[in-house]
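*Asks:* with the sequence up front, the predicted model follows.
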Amino acid sequence: MAVSSGSRINTNLSALNAYNALNNINREVGVHQLRLATGKRVNSAADDPSGYVISKKMEGRIRAMSSALDNVGDAQSVYGVAEGGYQTIADILVQIKEKQARAANGAMGADELDAIASEINALMSEIDDINDQTKFNGTTLLKKTSGSTTYSKTFQVGEGSSETLSVSFSAVTGATALLTVAAGSVTSANISTLTVDEALKTVNAEIGKIGGSLNRLSTKEANLTTAITNTEAAKSRILDADIAREQIAAVKLQILQQTATAQLAQANASPQVFLSLFR
């Protein structure tokens, strides 16, 4: 930096130096004030090129994992709806088993057996209705007959596109498939032929599979939540401003701003001392 002897007035180097220093300080004050206003240490790529690139990459990861977390929640909801349908079917099958056992009573007359058969027919019709009505977002989940479309969807449950989970329900749970007799066709003569135990085994197996899948999804949910938190922390260390440090720097620069302004005023006034030589 050039330093003036003070005896030249055509070019006031002291004033120029003070002016340059004041401009630099003003620029730095602006940077720290922006950081204090936004809470970010990196407000543009110029502040920290590598840090900006890394933070954007982390932001992409965070958003992808957040979407995956939403997908996990939707998959849990699908399983929950299907589980509710299966559980209701299982409860109805238990009632049918109770009716079946009740019908195996030598003291029953024809009218009583017909009444039991009528109740079973009504319960089987409800099983079919449940299969039709168990839906998620307008899509039927349960497979009523062997010719019905099987629900099978893929959910991305991680950051990468390959981190997926398949949700499907392939068991045939219509009344006819479960009990080998069509709803409405049960009579006092064929009550005993209803395959209730096998039906309960089929439905309970599906409920067990759903329970295992829900536990798996809960683990993925916890893992994603932890990963999002840790990635946010890493991004914060790069991107966010240390408010206390920025405030200290801003105060220091404000003091320097005042002293630089004072020195600029003095440097502008100093050449006037040479007017005394002309008296």
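*Replies:* Now that the structure is in, tell me what you want to look at.
*Asks:* just the strands from the protein, written as ranges.
*Replies:* Applying DSSP state E to the chain gives strands spanning 135-136, 139-140, 151-156, 164-169.
*Asks:* got TSV for those strands, with distance to K40 too?
*Replies:* From N, CA and C alone the C-beta is placed, and that goes for glycine too. Listed next are the strands of the chain as TSV, based on distance: least, C-beta to C-beta, whole Å:
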stretch	distance to K40
strand 135-136	41
strand 139-140	43
strand 151-156	30
strand 164-169	35
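*Asks:* N71 reaches F155, doesn't it?
*Replies:* Yes: N71 is within contact range of F155, at 4.7 Å (criterion: C-beta atoms under 8 Å).
*Asks:* sorry, back to before: so which of the strands of the chain is nearest S118?
*Replies:* For the strands of the chain, proximity to S118 was assessed by C-beta to C-beta; strand 139-140 is nearest, at 27.9 Å.
*Asks:* returning to that earlier point: save the strands of the chain as JSON lines, and put in distance to D197 and mean pLDDT too.
*Replies:* Below are the strands of the chain laid out as JSON lines (distance: least, C-beta to C-beta, whole Å; pLDDT from 0 to 100):
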{"stretch": "strand 135-136", "distance to D197": "29", "mean pLDDT": "96"}
{"stretch": "strand 139-140", "distance to D197": "27", "mean pLDDT": "96"}
{"stretch": "strand 151-156", "distance to D197": "26", "mean pLDDT": "96"}
{"stretch": "strand 164-169", "distance to D197": "21", "mean pLDDT": "95"}
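*Asks:* relative to N17, which of those strands is closest?
*Replies:* strand 151-156 (60.7 Å).
*Asks:* buried stuff in that closest one?
*Replies:* 151, 155-156 (16 or more other C-beta atoms under 10 Å).
*Asks:* just the pLDDT at A241, thanks.
*Replies:* Looking at A241, its pLDDT stands at 88.
*Asks:* do the one 10 residues further on as well
*Replies:* With respect to pLDDT, V251 scores 89.
*Asks:* then R35?
*Replies:* R35 is given a pLDDT of 85.
*Asks:* what number of residues lie near it?
*Replies:* By other C-beta atoms under 10 Å, 23 other residues sit near R35.
*Asks:* distance of it from V29?
*Replies:* Remark: distance between R35 and V29 (C-beta to C-beta, to the nearest Å) = 11 Å.
*Asks:* swap in E221?
*Replies:* Taking C-beta to C-beta, one finds E221 at 46 Å from V29.
*Asks:* N190 too?
*Replies:* Distance from N190 to V29, by C-beta to C-beta: 92 Å.
*Asks:* between the two, who's got more neighbours?
*Replies:* V29 (17 against 14).
*Asks:* nearest residue to the more buried one in space, please, no chain neighbours.
*Replies:* L253 (4.7 Å; C-beta to C-beta, 6 or more residues apart in numbering).
*Asks:* OK, contacts around that neighbour?
*Replies:* 25, 28-29, 32 (C-beta atoms under 8 Å, 6 or more residues apart in numbering).
*Asks:* in helices, which of these appear?
*Replies:* 25, 28-29, 32 (DSSP state H).
*Asks:* low-confidence ranges in the protein?
*Replies:* 1-9, 274-275, 277, 279 (pLDDT under 70).
*Asks:* quick one: the helices in it?
*Replies:* 13-38, 49-103, 110-133, 175-179, 196-239, 243-269.
*Asks:* select, out of these, the one closest to V167.
*Replies:* Closest among the helices of the chain, using C-beta to C-beta: helix 49-103, at 5.5 Å.
*Asks:* what is the closest one packed up against?
*Replies:* helix 110-133, strand 135-136, strand 151-156, strand 164-169, helix 175-179, helix 196-239 (3 or more C-beta pairs under 8 Å, 6 or more residues apart in numbering; DSSP states H and E).
*Asks:* for A241, grab the count of nearby residues.
*Replies:* When neighbours are counted by other C-beta under 10 Å, A241 comes out with 20.
*Asks:* please apply the same query to the one 10 residues further on.
*Replies:* Counted by other C-beta under 10 Å, the residues lying close to V251 total 11.
*Asks:* measure S236 to L34 for me?
*Replies:* For S236 relative to L34 (C-beta to C-beta), the value is 18 Å.
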